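K.L.:
could you look at this predicted model? Sequence included:
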Amino acid sequence: MSPDTVRAPSWPGYAEVHRVTTLLRRESVGGMLLVVAAIAAIIWANSPASEAYFALRDFRFGYEPWHLELSVGAWAADGLLAIFFFLVGLELKREIVVGSLRRLNTAIVPVTAAFAGVAVPALIYVAVVHTQPSLLAGWAIPTATDIAFAVAVLALVGSHLPGPLRIFLLTLAVVDDLIAIAIIAIFYTSDIALLPLGIFAVLVVVYGVIAHRARAWFARTPWAAWVVLLPIGFAAWAFLHASGVHATIAGVALAFTIPVAASRRREANTMDLAEQFEHRFRPISAGIAVPLFAFFAAGVSVGGGDGLLRAVMDPVTIGVVAGLVLGKPIGILLGVRLLTLVTKVRLDPALRWIDLAGVGLLAGIGFTVSLLIAELSFGEGSPHTDDAKIAIMVASLLASVLASCVLLVRNRRYKQLARDEEVDADGDDVPDVYQQPLPPGR
């Protein structure tokens, strides 16, 4: 059922909670919370009270016999971020079943752009650090796009940009996340324990069967998922963590079991279970899980001027910044251009190459997944991990500023065209230049 048709509870404070959760579902709000958490971590980690920050981040708790005695930072990276990946999985499945990934002819352009946008940054990073083989482990750091951050920036600067451009970015970012998930599972997993992995698989099946059999109950009873599915999901996550596979993958695996109704089977003004779960849990991801992960992952002690100079000169820093800021837009544009040259596939008529360049720059915002891969790339306590995190934040800032400059100019152009069309519709005379189609690249 639609959330608008559900009768509002009458308990005290509901209106305020509803207002906050509604705000947290906005892409721009989630992106701002992410930035604020990261800035707060950097300031605290470089303040006179920095020891308190690192003591909090490294404080360990949990049940050791189940391999769950983890630091606060590890709980944020392995545990809370699984909530984010659960929502990514829901979005992925919905795109595959009823969205833009359902038809090859509409998905091929952003999918190709996503793969090229992963390959080129990785190649640039490898080219920069190839003289130091020990640094090659970080090749995947500049390959990821932060979907929440990128879409938030687009929402802030692109009020009049063509709708297909946002769909292109969303599809690209979703596929990019899928590639990042595969990279983490394949390249950043070692010493797999088969028994816990088998139990995890069984629990995922049980989780999916229950979700399908009781979908109507979960849809009309908000607390049911917390009581029934959450414990099973947590157990699955714990066994996957014990198996050696990075535990955030559990979020995606569980999300793929949630039923998505085909559009032709849906009734008017209704939401399928995947949509309802995404609606309910997005405020938790945007308001708690991702900001807390960013807070504990972004806290890097620069070490004053000497430390900053060392970080700037580190090949890891150069490779990550070059990969995200240059590699992403080059890869995306090159991939789409090659596709249109060797096949009959063409861009959506509403899009221009300069628009894709802006989105390519926007895809250079790595942040969440890039920070996670940085933590997995080098040994614990390695200075290269901190340098990679500094590089990710600098590159994400540069990418967002450059993308905003391009997209703001394009937004003004489309806004002016929209005004001219309104004047033309009223029957007033307009200059001939506005009656002609926008030439390519303009």
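P.N.:
That came through fine.
K.L.:
what helices or strands is the one helix or strand F200 maps to leaning on?
P.N.:
Assessed by DSSP states H and E, F200 sits inside helix 194-213. Judged by 3 or more C-beta pairs under 8 Å, 6 or more residues apart in numbering; DSSP states H and E, the packing partners of helix 194-213 are helix 230-243, helix 249-255. Where C-beta positions appear, they are placed from N, C-alpha and C, glycine not excepted.
K.L.:
L33 is in contact with A289, isn't it?
P.N.:
No. Using C-beta atoms under 8 Å, L33 is not in contact with A289; the gap is 10.7 Å.
K.L.:
in the chain, what spans have low per-residue confidence?
P.N.:
For the chain, the stretches with pLDDT under 70 are 1-31, 100-101, 148, 190, 262-271, 303-308, 380, 423-442.
K.L.:
what residues sit buried inside the helix or strand harbouring L165?
P.N.:
For L165, the element it lies in under DSSP H and E is helix 163-187. In terms of neighbour count (16 or more other C-beta atoms under 10 Å), helix 163-187 has its buried residues at 164-165, 167-181, 183-184.
K.L.:
can you give me the neighbour number for T189?
P.N.:
When neighbours are defined as other C-beta atoms under 10 Å, T189 has 14 of them.
K.L.:
test my guess that it contacts H246.
P.N.:
Yes. In this structure T189 lies within contact range of H246 using C-beta under 8 Å: 6.0 Å.
K.L.:
which of the helices and strands packed on helix 194-213 sits closest to L338?
P.N.:
L338 lies closest to helix 249-255 among the helices and strands packed on helix 194-213, at 29.3 Å (C-beta to C-beta).
K.L.:
helices or strands up against the helix of greatest length in the chain?
P.N.:
Taking DSSP state H as the criterion, the chain has its longest helix at helix 383-425. Of the remaining helices and strands, those touching helix 383-425 by 3+ C-beta pairs under 8 Å, 6+ apart are helix 147-157, helix 304-313, helix 315-322, helix 353-362, helix 367-377.
K.L.:
contacts for the third one?
P.N.:
So that's helix 315-322. 124-129, 131-132, 135, 138, 141-142, 311, 366, 370, 384, 387-388, 390-392, 394-395, 398 (C-beta atoms under 8 Å, 6 or more residues apart in numbering).
K.L.:
swap in stretch 81-95?
P.N.:
Looking at what lies outside stretch 81-95 - C-beta under 8 Å, 6+ apart - the contacts are 101-102, 147, 171, 174, 177-178, 181, 237, 247-256, 258, 260, 274-275, 277-278, 281-282, 284-285, 289-290, 293, 368, 372.
K.L.:
do stretch 379-397 as well
P.N.:
38, 42, 135, 138, 141-142, 146, 149, 297-298, 300-302, 310-311, 314, 316-321, 323-325, 364-367, 370-371, 374-375, 377-378.
K.L.:
one more pass at 6 Å, please.
P.N.:
138, 141, 300, 311, 314, 316-317, 320-321, 324-325, 365-367, 370-371, 374, 378 (C-beta atoms under 6 Å, 6 or more residues apart in numbering).
K.L.:
alpha carbons only: can I get that stretch in PDB?
P.N.:
Provided in PDB are the C-alpha atoms of stretch 379-397 (Å, rounded to 0.1, in the frame of the first residue of the first chain):
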ATOM      1  CA  GLY A 379      47.800  -3.600   6.100                       C
ATOM      2  CA  GLU A 380      46.500  -2.300   9.400                       C
ATOM      3  CA  GLY A 381      48.400   0.800  10.600                       C
ATOM      4  CA  SER A 382      49.900   1.500   7.100                       C
ATOM      5  CA  PRO A 383      50.400   5.200   6.400                       C
ATOM      6  CA  HIS A 384      49.200   4.500   2.800                       C
ATOM      7  CA  THR A 385      45.700   3.900   4.200                       C
ATOM      8  CA  ASP A 386      45.500   7.400   5.700                       C
ATOM      9  CA  ASP A 387      47.000   8.900   2.500                       C
ATOM     10  CA  ALA A 388      44.400   7.100   0.400                       C
ATOM     11  CA  LYS A 389      41.600   8.500   2.600                       C
ATOM     12  CA  ILE A 390      43.000  12.000   2.300                       C
ATOM     13  CA  ALA A 391      43.100  11.500  -1.500                       C
ATOM     14  CA  ILE A 392      39.600  10.200  -1.600                       C
ATOM     15  CA  MET A 393      38.200  13.300   0.200                       C
ATOM     16  CA  VAL A 394      40.300  15.700  -1.800                       C
ATOM     17  CA  ALA A 395      39.300  14.000  -5.100                       C
ATOM     18  CA  SER A 396      35.600  13.900  -4.100                       C
ATOM     19  CA  LEU A 397      35.700  17.600  -3.300                       C
END
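K.L.:
buried set for that stretch?
P.N.:
Under 16+ other C-beta under 10 Å, the buried positions of stretch 379-397 are 382, 384-396.
K.L.:
so which of the helices and strands packed on helix 194-213 is the most packed in?
P.N.:
Among those, the stretch with the highest mean neighbour count (mean count of other C-beta atoms under 10 Å) is helix 249-255, at a mean of 25.
K.L.:
how far off centre is that helix?
P.N.:
Remark: helix 249-255 is offset 15 Å from the chain centroid, using C-alpha atoms, centre = their mean, to the nearest Å.
K.L.:
stretch 67-85 now?
P.N.:
17 Å.
K.L.:
quick one: end-to-end distance for it.
P.N.:
21 Å (C-alpha to C-alpha, to the nearest Å).
K.L.:
what residues of it count as buried?
P.N.:
For stretch 67-85, the neighbour count (16+ other C-beta under 10 Å) marks 67-68, 70-85 as buried.
K.L.:
what's the answer for stretch 212-232, then?
P.N.:
A214, R215, F218, A219, A225, V228, L229, I232.
K.L.:
tell me which element the fourth one is part of?
P.N.:
When you say that, I think you mean A219. Counting by DSSP H and E, A219 is part of helix 215-220.
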